[in-house]
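Trainee: What would the 3D arrangement of this be:
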Amino acid sequence: MKRAMSILTAAALLLSLTVSALAAETESLPWYAEAQDYVTKEGIMTAVDGDFQPDGPVTRGVVFQTLYRMAGAPTAPAASFTDTAGTWYADAAGWAEYTGLAAVPESKRFDGDRLITRGELAAIFHRYGQQVALLSSPEDVPDLASAPDYADVASWAADGLKWCLSVGVLSGKPGGLLDPNGTAVRAELAQMLFKLSQVEPLYSDAKQVRLLATSDLHGWFVPWDFALDEENTAGSLTYLATRFAQERAKNKNVVLVDCGDAVQANYVEYFIDHQTNPMVAAMNALDYDLWTWGNHEYNFDFARRAKLAAQFNGAVLSGNVYLKGTDKRYMPATTVVERDGVRLGFIGLTTPLIEEFEAGKGTLDQVDVHSPIEETKLAIQELKKQNVDAVIGVFHMGLDRENDVEGSSVSDIANAFPELDVIVAGHAHQLVPSRTVNGVLITEPQSYAKVYSAVDLTFAPDGDGGYQVVSKRACAIPAGREEDSAMVELMAPYKAELSGYVNTPIGTLINSDLNGTDKIKGISAGYTEATGIWNLLFSASMYYSGAQAVILNTDYENAGFPVGDVSIKSISSSYSYSGGEITVYKVTGADLKALLEYSAEYFNQIKPGDLTVSYNPERRQSKYSTNNIGGGITYCLDLTQEAGKRVKDLCLITDYHEDGTPVLDGNGMPKTTPITDDMEILLGTNSYSMNKWLGEGGCLAGRQLEIVFSSSEKWGDDGTVRALAIRYIKEALKGTVDGDAFNYDNWHLYTGIDETSPAYQKAVELINNGTLTLPALENGRTNVRSITEADVAPYL
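Mentor: Predicted coordinates:
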């Protein structure tokens, strides 16, 4: 138990400091001379206009900036305060928030220019000593109640004052005064920093390790969207290369890992049969220590995966996948990385849903997929035998269960195994800077090289020859916009080759564009009305699969397909799911209607006073779009009705030309016949989507559907929707796409909104000019609430 130090003892300390100060003055040096020398040499404090200005006031910004420098100026996320962006203390404010030194108040203001009191200083230094530097706390603590101005001590400042006085960081004033509300000067701050540097650490021989993690990079080796063949600065490995170089310059004990889905999307799969893959080449250049494979690494066959693994210099992990019919793992489950004597044990597992994702494609023919829960248990046992000091999971799984499959989430694993220290999650494309589940620290670095996760681990000797984790915290840091020149040079040949490929001509579009026109900025025509792009994809899918109808999930909200030359990028910019195939099922009219009702739930019900269509927030935040559109059919979705009662006038298109385009009447509409509940229909869609609909809680749960065709089984990689669309343009359309043949209205929304009303017209004007913003989710997804008459009333 800590013993209270009397105020007389504190006064004795004060007297000692006073004597020291007098001695310093006797030698013609100011009392703060030693402290000034320390903070200047260490670069913690700098002169103001060439002068130290010892009596100058101290602001909050100055205090956090000095502590930030004292901690080594570590990289941290930007602050969420509203008044720090662009300030000289912005980095320090972000670090202070990350470490818990500065809480974000309701006002969200940092107030970096406000003068700071001694009580505030003590509280901040106390938090720094306890949460960042991990300094010791003496048993003898002063009894503040004996101070003459004890009544001035706020409850939140008391512990800080006690700690600072007990370790000698802060001294009292003449007469035993604490002066908690007095403002501090630069000399006092320098003295406190100097004394802080002399406080004994709580742990001797502590080690610091910084774990950096990426996930779901999906082909973003350069800041270039190859589907559009244009620059996109949202993320890139060339950006991350700059960040990682900065990290390693500040931290000697860095470990770098990736959580999977690196070599698919953004057309990087083009390189799968090349001698080197740009994503693997980049990861090798960046010295990644390990790479856990995600579900998209399993898009490729056994031989191609072997080639990928052979290219990577680090450890490839996927411990819950076994060679078929054996007890031998296909890829290791664990690896050990050592830094400064600390042994870090890593476990790498892949989502068990790869069995669903890859069903019928032949990519898993040589392997079996095991439970992540069981494999985590085995892997922990293996690592404990290797005397590791920490156990860290790098799991290609999201925070929450997928398709309600037990063991498909990192939360499931954390709840089962609290002995895990950290989990790096992936797959869900979510930004999870820091979350704790059952004592396990979890972080997920979103996707597309936009951010990376940083996990700070502090280890102390465990008394048995090893180390134990004594502190851990995590954050997510943006990739920035500064490219590393060496990485740019390394990636340049790959970029040039891929850009040339996506510009490969496949035909010409004549007569009319296929992309539709957004009436309201941010509300995509592709999501809310029939467009030629989708009808083209439907025709291609049905032409080769024999399906009578097709359902595909909407994709790019700003897809462009203008009159003129058609190239590979014209297709890829319209439909991003590079692995999406067409599997044909026998369904009934009732089944089809149930699927469309489920799709209709993507939209919010239109209520009186609503002026715009909006999306269901829960559905909008999904990783993949669940707004599914039907082709080969005509129908209306009545959004004035409640969910489950919205599908109207459902009909099947009956007449087609030889090239797969529908026969249109004089009004530009296809010929149809009504769909009855018991009518049998051959429906083509992506097998992953269908498995989800048939699964527990799905809109077709409990149904058993016969599969009559699979484009992936028949044509492999050439059976994707993208590949079929390219083939369709070349073969069936002979290279000429007539826009008029695809711009027919096969589906539409009924909203009941009077688009001639002044309120509607004003809403369109205000949204399009930026005065009104479509409501958004925390992840940035927009249009989750309708703009209403009340919203525009002030402008009418």
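Trainee: how about the strands in the stretch 201-350 of the chain?
Mentor: In the stretch 201-350 of the chain, the strands defined using DSSP state E, counting those that start in this stretch lie at 207-214, 224-225, 230-231, 254-258, 290-292, 315-317, 321-323, 334-339, 342-350.
Trainee: Now the second one: average pLDDT?
Mentor: Averaged over strand 224-225, pLDDT sits at 94.
Trainee: Give me the local confidence score for the residue nearest to V647 when sequence neighbours are not counted.
Mentor: Spatially, and ignoring its direct neighbours in sequence, V647 is nearest to L596 (4.7 Å; Cβ to Cβ, 6 or more residues apart in numbering). Any C-beta I mention is one placed from the backbone N, CA and C, and that applies to glycine too. Turning to L596, the model gives it a pLDDT of 97.
Trainee: Also the one 3 residues further on?
Mentor: At S599 the predicted local confidence, pLDDT, stands at 96.
Trainee: cool, L15 as well?
Mentor: Residue-level pLDDT assigned to L15 equals 35.
Trainee: ok, now V342?
Mentor: For V342, the predicted pLDDT is 98.
Trainee: and what of F357?
Mentor: On the pLDDT scale, F357 is placed at 88.
Trainee: one step back: out of the strands of the stretch 201-350 of the chain, which gets nearest to N553?
Mentor: strand 224-225 (19.7 Å; Cβ to Cβ).
Trainee: That closest one pairs with which strands, and in what direction?
Mentor: strand 230-231 (antiparallel) (DSSP bridges).
Trainee: Show me the strands in the stretch 351-500 of the chain, by range?
Mentor: 367-369, 390-396, 422-425, 431-437, 440-445, 451-461, 467-478.
Trainee: Check the stretch 1-150 of the chain too.
Mentor: 3-5, 140-142.
Trainee: Name the residues linked to P670 by a beta bridge.
Mentor: L664.
Trainee: follow-up on the earlier one: okay if I get the strands of the stretch 351-500 of the chain as CSV plus mean pLDDT, distance to D591 and mean neighbour count?
Mentor: Output for the strands of the stretch 351-500 of the chain, formatted as CSV (pLDDT from 0 to 100; distance: least, Cβ to Cβ, whole Å; neighbours: other Cβ atoms under 10 Å):
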stretch, mean pLDDT, distance to D591, mean neighbour count
strand 367-369, 97, 29, 19
strand 390-396, 99, 32, 27
strand 422-425, 99, 35, 28
strand 431-437, 96, 36, 17
strand 440-445, 98, 35, 26
strand 451-461, 97, 41, 23
strand 467-478, 97, 42, 19
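Trainee: Let's have the ones you listed in CSV, adding distance to A315.
Mentor: As requested, the strands of the stretch 351-500 of the chain are exported to CSV (distance: least, Cβ to Cβ, whole Å):
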stretch, distance to A315
strand 367-369, 18
strand 390-396, 10
strand 422-425, 14
strand 431-437, 24
strand 440-445, 19
strand 451-461, 18
strand 467-478, 21
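Trainee: now the nearest residue to N181 once chain neighbours are set aside: how far from D179?
Mentor: Spatial nearest neighbour of N181, excluding adjacent residues (Cβ to Cβ, 6+ apart): T117 at 5.2 Å. With distances taken as Cβ to Cβ, to the nearest Å, T117 is found 9 Å from D179.
Trainee: again, but for V185
Mentor: Separation of V185 from D179 (Cβ to Cβ): 12 Å.
Trainee: swap in G407?
Mentor: 59 Å.
Trainee: same question, K519
Mentor: From K519 to D179 the distance is 65 Å (Cβ to Cβ).
Trainee: The two: which has the busier surroundings?
Mentor: The residue with more neighbours, out of K519 and D179, is D179; 17 against 14, by other Cβ atoms under 10 Å.
Trainee: residue contacts, that one?
Mentor: 118, 149, 152, 173 (Cβ atoms under 8 Å, 6 or more residues apart in numbering).
Trainee: ok, the second one - how many residues close by?
Mentor: Residues within reach of D149, counting by other Cβ under 10 Å, total 17.
Trainee: The last one now?
Mentor: Burial measure for K173: 13 neighbouring residues, criterion other Cβ under 10 Å.
Trainee: quick one: it and M192, what's the gap?
Mentor: Taking Cβ to Cβ, one finds K173 at 14 Å from M192.
Trainee: What of the first one?
Mentor: Between R118 and M192 the computed distance is 9 Å (Cβ to Cβ).
Trainee: just the second one next, same as before
Mentor: Using Cβ to Cβ, one gets 19 Å for the distance from D149 to M192.
Trainee: Identify the contacts common to R118 and M192.
Mentor: L170.
Trainee: K569: which element?
Mentor: helix 568-572 (DSSP states H and E).
Trainee: Remind me what whatever helix or strand comes next after that helix packs against, helices and strands.
Mentor: Per DSSP H and E, helix 568-572 leads on to strand 583-588 as the next helix or strand towards the C-terminus. Strand 583-588 makes packing contacts with strand 680-685, helix 687-694, strand 707-710 when contacts are defined by 3 or more Cβ pairs under 8 Å, 6 or more residues apart in numbering; DSSP states H and E.
Trainee: Which strands and helices lie in contact with the longest one?
Mentor: Here helix 687-694 is seen to pack against helix 354-357, strand 583-588 when contacts are counted using 3+ Cβ pairs under 8 Å, 6+ apart.
Trainee: Can I get that helix in PDB, CA atoms only?
Mentor: Extracted in PDB, the C-alpha atoms of helix 687-694 (Å, rounded to 0.1, in the frame of the first residue of the first chain):
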ATOM      1  CA  SER A 687     -23.300 -19.000 -57.200                       C
ATOM      2  CA  TYR A 688     -22.000 -17.100 -54.200                       C
ATOM      3  CA  SER A 689     -25.100 -14.900 -54.200                       C
ATOM      4  CA  MET A 690     -27.400 -17.900 -54.600                       C
ATOM      5  CA  ASN A 691     -25.800 -19.800 -51.800                       C
ATOM      6  CA  LYS A 692     -26.300 -16.800 -49.500                       C
ATOM      7  CA  TRP A 693     -30.000 -16.600 -50.500                       C
ATOM      8  CA  LEU A 694     -30.400 -20.300 -49.900                       C
END
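Trainee: which residues make contact with that helix from outside it?
Mentor: If you take Cβ under 8 Å, 6+ apart as the criterion, helix 687-694 is touched by 356-357, 359-360, 403, 551, 553, 580-581, 583, 585, 595, 598, 628, 698-703, 705, 710, 712.
Trainee: on that earlier part again, G644 is nearest to which of the strands of the stretch 351-500 of the chain?
Mentor: Per Cβ to Cβ, nearest to G644 of those: strand 431-437, 32.9 Å.
Trainee: contacting residues around the closest one?
Mentor: 77, 399, 410-411, 414-415, 425, 441-446, 451, 453, 473-476, 779.
Trainee: okay, that strand in CSV with CA atoms only?
Mentor: Extracted C-alpha coordinates of strand 431-437, given in CSV (Å, rounded to 0.1, in the frame of the first residue of the first chain):
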residue,chain,number,x,y,z
LEU,A,431,-12.0,0.1,-41.2
VAL,A,432,-11.5,-1.2,-37.6
PRO,A,433,-8.7,0.9,-36.1
SER,A,434,-9.0,-0.7,-32.7
ARG,A,435,-11.5,-3.0,-31.0
THR,A,436,-11.1,-5.3,-28.0
VAL,A,437,-13.1,-8.6,-27.8
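Trainee: burial of L796, as a residue count?
Mentor: 10.
Trainee: what pLDDT does it get?
Mentor: Looking at L796, its pLDDT reads 91.
Trainee: Spit out the contact partners of it.
Mentor: Counted by Cβ under 8 Å, 6+ apart, L796 has contacts 758-759, 762.
Trainee: Distance of it relative to G752?
Mentor: 20 Å.
Trainee: and if you look at V222?
Mentor: 47 Å.
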